[in-house]
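1. Predicted model and sequence follow; I will ask about them next.
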Amino acid sequence: MKTVSALFRHPIKGHGRQELTHVSLEIGQVFPFDRRWAVAHDASNIAAGPQDWAHCLNFSRGAKAPALMAMTAYFDEATGQLALNHPDLPTIMINPDNAEDATRFIKWVQPIMPENRAKSNALVRANGYGMTDQKHPYVSINTTASLADLSRKAGTDMSMHRFRGNIWLDNAKPWEEFDWIGKTIRIGKAVLKVEAPITRCLATTVDTETGLRDVETLELLQQHWGHKDFGIFAAVVEPGNIGLSDTVEVL
């Protein structure tokens, strides 16, 4: 029986992951507070303030700044406070909607940003559902079986954190999640429509403990499976709570 093994959100796009024990999903929404904020850089046309959805190329992220992949986060929904941790930086606590805190955050993250990349210059809030890589309000789903299979091809155990997914499932067959595209699945009390595979970027080549590139994940996917996809996107069609160890059913 397939079950939920891990749940994650990423309050600031590309800047830290937060592990959860349960979450309430709503129709037409991403995970609560997932990619609610993003970091615009000085090569984009985005200024501080609320923003409609924009392409990921406008933002600082792990594909271009590998060290960001080692960051963790904890967002307190009740207080609006966000704690960020990185092995090479002191812990920082901010309110992402506070202008002074946002400025302080941009200064805090600068030491781990590459010299040859556009500089982070503004922390912006996403209007609507979140600044995810897709314009549609999707939830991302991955399986530990597919991760284990890819790890075997890589010759090393890879962390699930490389793939920045929302929901991780145990007890699936490797790559069977691609067979769910076009189908609905029930996870806990919520029902989701599986819409598309997730095509991956260079962020997945980074060790999330060190922030250094170490595995050519994209080449491995292309070589062994003929594509660069890992995981699936799904849209919430019936709201409900999901939690760790909840069962999963393909409808």
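-> Yep, it's here. Residues are numbered from 1 along each chain as shown.

2. got a list of what the nearest residue to Ile112 once chain neighbours are set aside touches?
-> Nearest in space to Ile112, with sequence neighbours left out and distances taken as CB to CB, 6 or more residues apart in numbering, is Ala67 at 4.0 Å. In this view, the C-beta of every residue, glycine as well, is placed from N, C-alpha and C. Residues in contact with Ala67 (CB atoms under 8 Å, 6 or more residues apart in numbering) are 86, 88, 112-114, 211-212.

3. go again using 10 Å as the cut-off
-> When contacts are counted by CB atoms under 10 Å, 6 or more residues apart in numbering, Ala67 touches 86-89, 109, 111-114, 206, 210-212.

4. again with Phe75
-> Phe75 sits next to 9-12, 16, 18, 32-34, 36-37, 81-84, 96 when contact means CB under 10 Å, 6+ apart.

5. before we move on, back to that, just the buried residues from the contacts of Ala67, in ChimeraX please.
-> To isolate the buried ones among those in ChimeraX, judged by 16 or more other CB atoms under 10 Å, type:
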select :86,89,109,112,113,206,211
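
6. one step back: can you tell me the SS state at the residue nearest to Ile112?
-> Under DSSP: H, G, I helix; E, B strand; the rest coil, the three-state class of Ala67 is helix.

7. chain center to stretch 165-178, what's the gap?
-> Computed by CA atoms, centre = their mean, to the nearest Å, the chain-centroid distance of stretch 165-178 equals 16 Å.

8. nope, stretch 123-137 is what I was after
-> 12 Å.

9. what is the rounded mean pLDDT of it?
-> For stretch 123-137, mean pLDDT is 91.

10. Next, the distance between the ends of that stretch.
-> End-to-end span of stretch 123-137 (CA to CA, to the nearest Å): 21 Å.

11. likewise stretch 80-96?
-> 8 Å.

12. Give me the buried positions along that stretch.
-> Buried, per 16+ other CB under 10 Å, within stretch 80-96: 82, 84, 86, 89, 92, 94, 96.

13. Now the third one: closest residue in space that isn't a chain neighbour?
-> Just to be clear, that refers to His86. Met71 (4.7 Å).

14. and that neighbour, how many neighbours does it have?
-> Met71 has 23 neighbouring residues, counting by other CB atoms under 10 Å.
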